[in-house]
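K.L.:
sharing a sequence plus its predicted fold:
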Amino acid sequence: MRLTYLQKILWAAAALASLAFGAWQFAGARAPSGVDEAPFRPTFALPDAEGQMRTPADFAGKYLLVFFGFTNCPDVCPTTLAEVAQIMDDLGAQSVEVQPLFISIDPERDRALGLAEFTAAFHPSIIGLAGEGAQTRAAANSFHIFFEREDDVTAPDGYSMSHSPALYLIGPDGDWLRQFTYGTPAAEILDDLQSRL
């Protein structure tokens, strides 16, 4: 009899855990796609495709849309860059007030593959930046993002890159404003930008 009673308690606990997990997923699905964090001022010092060192000071007065990724990324990176391209097109004349940046987390390989050609394939306004390892790590730490190399026999050169997939919005004064989680519709990001311009 005790075993049956214990089983009932365990089943009830499992059911409650399932309900809680379902509620958490539902709440997450309905949460705003932009995640707010404590304000900070990220920075970077990275060369562009022509070797010119770029820092936030080069873009003072503009909003920055910053994404960390790599050219061999099979899904997240091209999807996000395609959304950025749509946003830039939809901004029309206001697009001069926004600068999209693609920061490579796989710089050596991305430089060899042609970072400028990769970003231009999505939109001519996107600037690709690819520094050395220490420069890349410093930029990622400044933005509070994660990335690391992972062995993958199915990927080109036998490895892939795991990374934070968010798109970051930096204000004209260099302050971090917000991040957009992966999958945030381009229209929602566009609305946010237009409300600030």
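P.N.:
That came through, no problem.
K.L.:
mind listing the helices for the chain?
P.N.:
Ranges of helices in the chain, per DSSP state H, are 2-30, 76-91, 107-113, 115-120, 133-142, 186-196.
K.L.:
name the nearest residue to the residue sitting nearest the centre point of the chain, ignoring sequence neighbours.
P.N.:
The centre of the chain sits closest to Ala166, judged by C-alpha atoms, centre = their mean, with a distance of 2.7 Å. Computed as C-beta to C-beta, 6 or more residues apart in numbering, the closest residue to Ala166 that is not its neighbour in sequence is Gln179, at 4.3 Å. Every residue, glycine included, has its C-beta placed from N, CA and C.
K.L.:
what about the one you found, neighbour count?
P.N.:
21 (other C-beta atoms under 10 Å).
K.L.:
now do Pro156
P.N.:
12.
K.L.:
with Val153 instead?
P.N.:
Val153 has 6 nearby residues by other C-beta under 10 Å.
K.L.:
contact partners for Val96?
P.N.:
Going by C-beta atoms under 8 Å, 6 or more residues apart in numbering, Val96 touches no other residue.
K.L.:
cool, the one 5 residues further on as well?
P.N.:
Counting by C-beta under 8 Å, 6+ apart, Leu101 touches 59, 64-67, 126-129.
K.L.:
any idea what it is bridged to?
P.N.:
Beta-bridge partners for Leu101, by DSSP bridges, are Val66, Ile127.
K.L.:
quick check: it vs Asp151, distance?
P.N.:
28 Å (C-beta to C-beta, to the nearest Å).
K.L.:
any weak-confidence spans in this protein?
P.N.:
1-38 (pLDDT under 70).
K.L.:
how about 90 then?
P.N.:
Residue ranges of the chain with pLDDT under 90: 1-40, 154.
K.L.:
so it: which segments form each domain?
P.N.:
For the chain, automatic domain parsing gives the domain ranges 1-31, 35-196.
K.L.:
not counting sequence-adjacent ones, nearest residue to Gly61?
P.N.:
In space, Gly61 is closest to Pro172, 5.0 Å off (C-beta to C-beta, 6+ apart).
K.L.:
ok, that neighbour to Glu148 distance?
P.N.:
Using C-beta to C-beta, one obtains 32 Å as the distance from Pro172 to Glu148.
K.L.:
how about Phe68?
P.N.:
Per C-beta to C-beta, Phe68 is found 12 Å from Glu148.
K.L.:
common neighbours of those two, please.
P.N.:
What both Phe68 and Glu148 touch, as defined by C-beta under 8 Å, 6+ apart, is the set His163.
K.L.:
higher neighbour count, those two?
P.N.:
Legend: neighbour count by other C-beta under 10 Å for Phe68 and Glu148, higher for Phe68 (26 against 8).
K.L.:
pretty sure that one contacts Asp110?
P.N.:
No. Applying C-beta atoms under 8 Å, one finds Phe68 not in contact with Asp110, separated by 11.5 Å.
K.L.:
between those two, which contacts overlap?
P.N.:
Ser104.
K.L.:
ok so, going back, and the contacts of Leu101 as JSON lines, adding neighbour count and distance to Leu46?
P.N.:
Shown next, in JSON lines, are the contacts of Leu101 (neighbours: other C-beta atoms under 10 Å; distance: C-beta to C-beta, whole Å):
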{"residue": "Phe59", "neighbour count": "17", "distance to Leu46": "12"}
{"residue": "Leu64", "neighbour count": "21", "distance to Leu46": "13"}
{"residue": "Leu65", "neighbour count": "24", "distance to Leu46": "16"}
{"residue": "Val66", "neighbour count": "24", "distance to Leu46": "11"}
{"residue": "Phe67", "neighbour count": "24", "distance to Leu46": "13"}
{"residue": "Ile126", "neighbour count": "21", "distance to Leu46": "14"}
{"residue": "Ile127", "neighbour count": "22", "distance to Leu46": "10"}
{"residue": "Gly128", "neighbour count": "26", "distance to Leu46": "9"}
{"residue": "Leu129", "neighbour count": "26", "distance to Leu46": "4"}
